[in-house]
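1. Here is my input, please return the structure:
(one chain, ligands or ions: 1)
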Amino acid sequence: MPWQQATIQADSAIAEKLADALMDIGALSATIEDALAGTAEEQPIFGEPGEPVDQLWSHSLINALFTEDADVALLITAAANDCRIAVPQYQLGRVEEQDWVRLTQSQFDPIRISDRLWITPTWHVSPDPSAINLQLDPGLAFGTGSHPTTRLCLQWLDGNIQGGETVLDYGCGSGILAIAAMKLGAGATRGIDIDAQAVRASIDNAAQNGVSGDFGLPYSLQPGEYDVVLANILANPLRMLGELLASHVKTGGKIVLSGILAEQADELSAIYAQWFDMEPAVFDEGWTRLTGRKR
Ligand SMILES: C[S@@+](CC[C@H](N)C(=O)[O-])C[C@H]1O[C@@H](n2cnc3c(N)ncnc32)[C@H](O)[C@@H]1O
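-> Next up is the predicted model:
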């Protein structure tokens, strides 16, 4: 069944309200994007829990999907009336029925972390069968290896795990870091996440990869010290979790922090310097990895 797609130009001040009104009035979906995406004027916007983003792009586009028989002109007019704005300019197109699973899968290729470490979706043949291949499919939990924050941690693991280290992955998401650590030879490994769905995904992904990490919610984390603690979360939780994370690192052990924007690096490094001898930050696409050795 094909659908009708309206691409609507919207003032940033009204884009969110108009998208909501379109949904209320019968659109199947309504997403907002940067009208300048893919150009030099593209405007990245990052949000943090507890710091809601009240800003949209200066030029926004709403992509709204409607059934084949919907009177799109009438619906957009009604939504505009709801928002008390003039009927916006829009273009109408058709979205044909496709094999959506295949289309989605075609967007995920194997990711090379290093010569010996690859992240490969299950439907792909591994590019190098002799390498360490993590089989991970995109799912509901964060962590497919494509995001710079994850990649920075995987590169650290690849360069630093020698064998037998105990590892805590705090904010494990898909479990990718814990699983990579185990595949690289780490010893007892624990993964923690506040999201029960992430814990479930980590358990499933570990089984898929033939390793058996111990994953759970934060309350299940017992006092104990690890050789390596990884936390790819975001600056705000990392600010608050410093003391807790430090308490789980052995003297001489390592902390690896990611999910930090480049401009937040100095501040976060100063916080963790209370417990760790911090090392120079490493940057990738505007994101930062911080590492330190526990005193
Ligand atoms: C950016 S994802 C990282 C996932 C994975 N470790 C990776 O590197 O790709 C952050 C994860 O941290 C979890 N998280 C956020 N705040 C947390 C907290 N205070 N305690 C535990 N987990 C948290 C989120 O649910 C999410 O799964």
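2. contacts and neighbour counts: CA atoms only from here.
-> Noted.
3. and residue 177, what helix or strand is that in?
-> Assigned by DSSP states H and E, residue 177 belongs to helix 176-183.
4. now residue 244: how far from residue 197?
-> As judged by Cα to Cα, to the nearest Å, residue 244 and residue 197 stand 23 Å apart.
5. neighbour-wise, which of those two wins?
-> Higher neighbour count among residue 244 and residue 197: residue 197, with 14 against 11, using other Cα atoms under 10 Å.
6. Can you classify the closest residue to that one other than its chain neighbours as helix, strand or coil?
-> Computed as Cα to Cα, 6 or more residues apart in numbering, the closest residue to residue 197 that is not its neighbour in sequence is residue 141, at 7.0 Å. Three-state assignment for residue 141 (DSSP: H, G, I helix; E, B strand; the rest coil): coil.
7. same for the helix holding residue 177, what does it pack against?
-> If contacts are counted by 3 or more Cα pairs under 8 Å, 6 or more residues apart in numbering; DSSP states H and E, helix 176-183 sits against strand 132-135, helix 148-160, strand 167-170, strand 189-192, helix 196-208.
8. ok and it relative to helix 196-208, angle-wise?
-> 20 degrees (axes from the mean of the first three to the mean of the last three Cα atoms, to 10 degrees).
9. Make 560 the starting number, not 1.
-> Let's use 560 as the start, then, which means that last one is helix 735-742.
10. Please work out the angle formed by the directions of helix 735-742 and helix 707-719.
-> 20 degrees.
11. how about the residues of the stretch 560-709 of the chain near the ligand?
-> Taking Cα under 6 Å from any ligand atom, the part of the stretch 560-709 of the chain that reaches the ligand is made up of 700, 701, 702, 709.
12. Please dump those into CSV; it should also carry neighbour count for every row.
-> Putting those into CSV (neighbours: other Cα atoms under 10 Å) gives the following:
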residue, neighbour count
700, 19
701, 17
702, 23
709, 22
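13. Pick the one among those residues closest to residue 854.
-> residue 709 (25.9 Å; Cα to Cα).
14. Name the nearest residue to the closest one, ignoring sequence neighbours.
-> That would be residue 702: by Cα to Cα, 6+ apart, it lies 6.6 Å from residue 709.
15. List the residues that contact that neighbour.
-> 709, 732, 733, 734, 735 (Cα atoms under 8 Å, 6 or more residues apart in numbering).
16. do you know how far the last one is from the ligand?
-> Between residue 735 and the ligand the computed distance is 6 Å (Cα to the nearest ligand atom, to the nearest Å).
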